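sequence unavailable; structure follows:
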């Protein structure tokens, strides 16, 4: 971090890495590539942002106890000390710095320079390296006597891998720190990296868990603070403090959210914020409990295909109001659970069961003055629309996992954060279809995959009609279908109970196709297969693709049709679904 150049010959006694015996330029390239040239700053300048934290490495080996005392008297609250790099380097001055900081009454945080972005070419290798580096960092912190509440920071700046490797590996790194007992893993990176779609994605890591570096042209100002959506901002590497033993600059940061301080640094406990505010915490497959997020941020995961298993939610009323939040979850194999409230756990822990839907209500005078809006990301569908005040968000009866949730408070009657059309899905519509068959006429309707027509009777299907029932009330759309008929060819498509084919003309249907319309097509697939003369049952196909035959003069004798949630897949084999000359 900053201009933290590790001095030659500063390896610990336990380090055997040859790279640790040479100069270690841990951020010189990073700083030049991602920030503007900083101006020299003075700690006496009251117009600057707060000097809440200073980070140091062995490059600051010149610092004395008196220097730490001077930092404290200049308003510094936290010393962030480099402990480790990779899996072979330990800062030989770390123990001395920790002692000086304790004696000066400074809070202590620690950082590790991550190298799992340098040489690995696969996600698995990067993840394994991240776990190994987290273990090395944690073991070193324990050797140095740092408590489990210490803020443990991954310094992410070493280029080499695509952004998804960095973000995913960083999640593995922080999870491994937690498994070692450290409850406050966080991240440091540049502003250019801390953007969704780049190396360190705030939507996955949590913006308030990120300490971002950005040095501005000219002089930063306390009246125009930057990067306030993050946990902390490192705004200069050129801060000169008065009354210290050498006139050398150090890195300095402003803390926006008690990012560094041990008394309120545990992201697994909610921060005390000024109301109105909502905080929530998700338990996720493989990750366990994630840090709390706030006011519309994402809890859970996106793009990782992991189930959300449990959730805790709290609200903070504004001054003069009371109330809280009640919520319940629809859980795999269980159904809707009883409501819980105010930080209690909805869902399950340790049972590997997915949450499928949620609903939230405010209580007390909060309910009179605010609406609670929420939306969920669901397997195969992505983000559904925003529900509010006890409405269902997610899916019911479809076996689709919830993967993420966002929650926000809006003044009563205010505009929703986004669309409110499709907030939940409840099973699939029922498709009913009726065949007109040679020598038989119109048969009774069948539905949901049952057979219409005849089998092993050598009778042609001549006409067909279909309709839907049980369409979710919040969805638009219907069914459309068409037929290829002997001597006629493809007829125009019809919909919702209309007849395709012919009656009284002795003409055989040779092929069929079915599709969904409106929003139904977005959330469901319609699958179907045909039995045809000489061939028997063909494979399944879907969504207006042809089923049957064309140009071969083969009669279609039977059909099966079913609607399934989008992405579920075919009911059976899909090979050879249509034959033609």
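Thanks, I have the structure now. For clarity, every value in this text was computed on a predicted model and none was experimentally measured.

quick one: residue 549 and residue 510 touch, right?
Yes: with contacts counted by C-beta atoms under 8 Å, residue 549 reaches residue 510, the gap being 5.4 Å. No exception for glycine: its C-beta is placed from N, CA and C like everyone else's.

burial count for the closest residue to residue 539 other than its chain neighbours?
Once its chain neighbours are removed from consideration, residue 539 has its nearest residue in residue 577; the separation is 4.1 Å (C-beta to C-beta, 6 or more residues apart in numbering). Residue crowding around residue 577 was assessed by other C-beta atoms under 10 Å; the count is 20.

the more surrounded of residue 549 and residue 510?
Comparing residue 549 with residue 510 by other C-beta under 10 Å, the one with more neighbours is residue 510, at 28 against 23.

show the contacting residues for that one.
Residue 510 sits next to 484-486, 532, 548-550, 552-556 when contact means C-beta atoms under 8 Å, 6 or more residues apart in numbering.

if we use 10 Å, what do you get?
Neighbour list for residue 510: 460-461, 483-486, 488-490, 530, 532-533, 546, 548-556, 580 [criterion: C-beta atoms under 10 Å, 6 or more residues apart in numbering].

before we move on, what about residue 408?
276-278, 294-297, 370-375, 386, 388, 416-417.

in helices, which of the contacts of residue 510 appear?
Of the positions in the contacts of residue 510, not one sits in helices, assigned by DSSP state H.

mind checking which of the contacts of residue 408 are buried?
The neighbour count (16 or more other C-beta atoms under 10 Å) marks 276-278, 294, 297, 370-375, 386, 388, 417 as buried among these.

what about these, which are in strands?
Where these overlap with strands, as defined by DSSP state E, the overlap consists of 277-278, 294, 370-375, 388.

and which of the residues you listed is nearest residue 251?
Of all those, the one with the least separation from residue 251 (C-beta to C-beta) is residue 294, at 27.1 Å.

identify the bridge partners of that closest one.
Applying DSSP bridges to residue 294 gives these bridge partners: residue 279.

wait, isn't it in contact with residue 257?
Yes: contact status for residue 294 versus residue 257: in contact at 9.4 Å, counting by C-beta atoms under 10 Å.

and the lengthiest helix in the chain, which residues are buried?
The helix of greatest length in the chain, counted in residues with DSSP H as the criterion, is given as helix 123-143. In terms of neighbour count (16+ other C-beta under 10 Å), helix 123-143 has its buried residues at 126-127, 129-131, 133-138, 140-141.

check stretch 329-340 too.
By 16+ other C-beta under 10 Å, the buried positions in stretch 329-340 come out as 329-332, 337, 340.

ok, of those, which one's closest to residue 397?
Within the set of the buried residues of stretch 329-340, residue 330 lies nearest residue 397; the separation is 8.9 Å, counting by C-beta to C-beta.

got the contact list for that closest one?
The contact partners of residue 330, by C-beta under 10 Å, 6+ apart, come to 336-337, 346-347, 354-359, 392-397, 402, 424.

from these, which ones fall inside strands?
Where these overlap with strands, as defined by DSSP E, the overlap consists of 336, 346-347, 355-359, 393-396, 402, 424.

among these, name the buried ones.
For these, burial is judged from neighbour counts taken by 16+ other C-beta under 10 Å, and it is met by 346-347, 355-359, 393-396, 402, 424.

what's near enough to touch residue 536?
Residue 536 touches 455-456, 530, 557-558, counting by C-beta under 10 Å, 6+ apart.

can you say which two of the residues you listed are spatially most distant?
In terms of C-beta to C-beta, the contacts of residue 536 reach their longest pairwise distance at 456 and 530, which sit 14.8 Å apart.

so between these two, which is more surrounded?
More neighbours surround residue 530 than the other of residue 456 and residue 530, with 30 against 9 (other C-beta under 10 Å).

so the more buried one touches residue 547, yeah?
Yes: using C-beta under 10 Å, residue 530 is in contact with residue 547, at 4.6 Å.

who touches both of the two?
Contact criterion C-beta under 10 Å, 6+ apart; residues shared by residue 530 and residue 547: 511-512, 538-541, 556, 559-560, 577-578.

now, which of those residues sits nearest residue 435?
Closest approach to residue 435 among these (C-beta to C-beta): residue 559, at 7.1 Å.

so that closest one is in contact with residue 435, correct?
Yes: taking contact to mean C-beta under 10 Å, the distance of 7.1 Å between residue 559 and residue 435 places them in contact.

skipping adjacent residues, who's closest to residue 497 in space?
Closest residue to residue 497 apart from its sequence neighbours, by C-beta to C-beta, 6+ apart: residue 467 at 4.3 Å.

make that residue 411, sorry
residue 370 (6.2 Å).

of the ones in strands among the buried ones among the contacts of residue 408, the lowest pLDDT goes to which?
When those are compared by pLDDT, residue 294 scores lowest at 90.

residues touching residue 306, list them.
Contacts of residue 306 (C-beta under 10 Å, 6+ apart): 284-287, 300, 354, 379, 401, 403-404.

just those residues: which has the poorest pLDDT?
Among the contacts of residue 306, residue 287 carries the lowest pLDDT, at 78.

correct me, but that one touches residue 171?
Yes: with contact taken as C-beta under 10 Å, residue 287 and residue 171 are classed as touching, separated by 6.8 Å.

can you tell me the helix or strand for residue 102?
Following DSSP states H and E, the helix or strand that holds residue 102 is helix 94-104.

buried sites along that helix?
Neighbour count says helix 94-104 has 94-95, 97-98, 100-101, 104 buried, by 16+ other C-beta under 10 Å.

out of the residues you listed, flag the one nearest to residue 241.
Distance to residue 241 across those (C-beta to C-beta) is lowest for residue 104, with 12.9 Å.

and residue 504, that's in a helix?
No: with DSSP: H, G, I helix; E, B strand; the rest coil as the criterion, residue 504 is coil rather than part of a helix.

from residue 112, how far off is it?
When distances are taken as C-beta to C-beta, to the nearest Å, residue 504 and residue 112 turn out to be 81 Å apart.

how about residue 154?
When C-beta to C-beta is applied, the distance between residue 154 and residue 112 equals 6 Å.

shared neighbours of these two, which are they?
Taking C-beta under 10 Å, 6+ apart as the criterion, residue 154 and residue 112 both touch 133-134, 137, 173, 177, 185, 188.

check contacts around residue 63.
By C-beta under 10 Å, 6+ apart, the contact list for residue 63 reads 54, 56, 70-71, 79, 93, 96-97, 100, 244-246, 248, 250.

so residue 108 touches residue 102, yeah?
Yes: in this structure, residue 108 is within contact of residue 102 by C-beta under 10 Å, at 7.2 Å.

between the two, what contacts are shared?
residue 79.

before we move on, back to that, for the buried ones among the contacts of residue 510, write the corresponding ChimeraX selection.
For selection in ChimeraX, the members of these meeting the burial criterion (16+ other C-beta under 10 Å) are listed in this command:
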select :460,461,483,484,485,486,530,532,533,546,548,549,550,554,555,556
